[in-house]
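**Q** Sequence and predicted structure are below.
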Amino acid sequence: MSKLDIDSIYRDIGIFGTIRVKHRICLYSKDTKTSKNKPARDIFVSTKSNGGVAGYASFSYRSNKDMIVLEALGDKDSLKIRNSTYLTYEDLAECKRILKEALSWFKDPVIKNELFEYDQGKPYKISDKYSELHSIMYTKFGMKNAFIAIQPAIINDFKSSTGYPGIVIKSITGVIGCCTITEFRSLADILVTNLTNLYQLSLDLLNNHMLCELLGG
C-alpha cells in the first residue's frame, strides 16, 4: 500500500458542547459484482479522447459515500471507537424535522416553563411530566436500525456548579454528547446547512484531496 492509499478523508466542522461534527468522504466502495471493497476512484486510459490516445490516464469517482458525522468528543489519538452516527443526503428531511421539534421545546410557552424543575432559580432535573420527551429519526446509512434521538437535559458546569438547560443526543451505539440550548441552536443550523450543501462541499473536499495527490502532498 502506498502512502497515498487512503480509506477516507475528513474535515472537522466544529465542536458543540461535547459533540464533534465532521464531514467524511469514503474513498472505497463495495463492488456489487464481487461484494469486495474497491477504490471508488477508477483509473482508465481512453482510446477515443485526445489525451487518452496520447497515453494520458483519466480517473473518476463514481460511488464514494459522503456524509456528516456526529461523534462523541474524545482524544483524537485514542484508538477507542467513539459513539457516533452518520447523516447523508437522504436524511435531510428527517433531520430538519427532529431539529425543529427539539428546538420547539424551548420556544413553546407551555413546554419551556414546565420542562425543568428549579432550585433557587437553577434547573436541576427534567420535570416528571416531560421525563420521556424525545424526538427520534432512523438514519439511512450505518448500522441496521441506526437512529438519532434528542432529549432535553441539564448540562452541568462543574467549575461553577451551575446547571444549564440543554439537550443530549443519543445513537444506537450510546450517548454521543450534550450541549446547551445556545450551542444546540448553532448545531442545528450547521447540520441543516451542511446537509443541504453536502454535494458541493464534498466536491470541494474531493478536489482538494486530488490536488494534494497531484502535488505529492
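**A** Good, I have the coordinates. Numbers count the residues shown, from 1 in each chain.
**Q** mind listing what the residue positioned nearest the centre of the chain touches?
**A** Central residue of the chain (CA atoms, centre = their mean): residue 69, 2.2 Å from the mean position. Contact analysis of residue 69 by CB atoms under 8 Å, 6 or more residues apart in numbering lists 10, 20, 21, 22, 23, 24, 84, 85, 86, 87. Using the backbone N, CA and C atoms, a C-beta is placed for each residue, glycine as well.
**Q** element containing the fifth one, please.
**A** Element membership of residue 23, judged by DSSP states H and E, is strand 19-26.
**Q** now for that strand, which elements pack on it?
**A** Strand 19-26 sits against strand 8-16, strand 66-72, strand 174-180, helix 181-196, helix 198-214, with contacts defined as 3 or more CB pairs under 8 Å, 6 or more residues apart in numbering; DSSP states H and E.
**Q** buried sites along that strand?
**A** Residues 19, 20, 21, 23, 24, 25, 26 are the ones in strand 19-26 that count as buried (16 or more other CB atoms under 10 Å).
**Q** just curious, which of those is nearest to residue 80?
**A** For these, the closest approach to residue 80 (CB to CB) belongs to residue 20, at 14.1 Å.
**Q** Give the closest residue to the closest one in space, chain neighbours not counted.
**A** residue 71 (4.7 Å; CB to CB, 6 or more residues apart in numbering).
**Q** Give the bridge partners for the one you found, please.
**A** In this entry, residue 71 is beta-bridged to residue 20, residue 84, by DSSP bridges.
**Q** Pull the contacting residues for it.
**A** 19, 20, 21, 22, 82, 83, 84, 176 are the contacts of residue 71 under CB under 8 Å, 6+ apart.
**Q** Let me have the helices and strands packed on strand 19-26 in CSV, adding mean pLDDT and distance to residue 127 as columns.
**A** Output for the helices and strands packed on strand 19-26, formatted as CSV (pLDDT from 0 to 100; distance: least, CB to CB, whole Å):
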stretch, mean pLDDT, distance to residue 127
strand 8-16, 91, 25
strand 66-72, 95, 27
strand 174-180, 95, 18
helix 181-196, 97, 16
helix 198-214, 81, 37
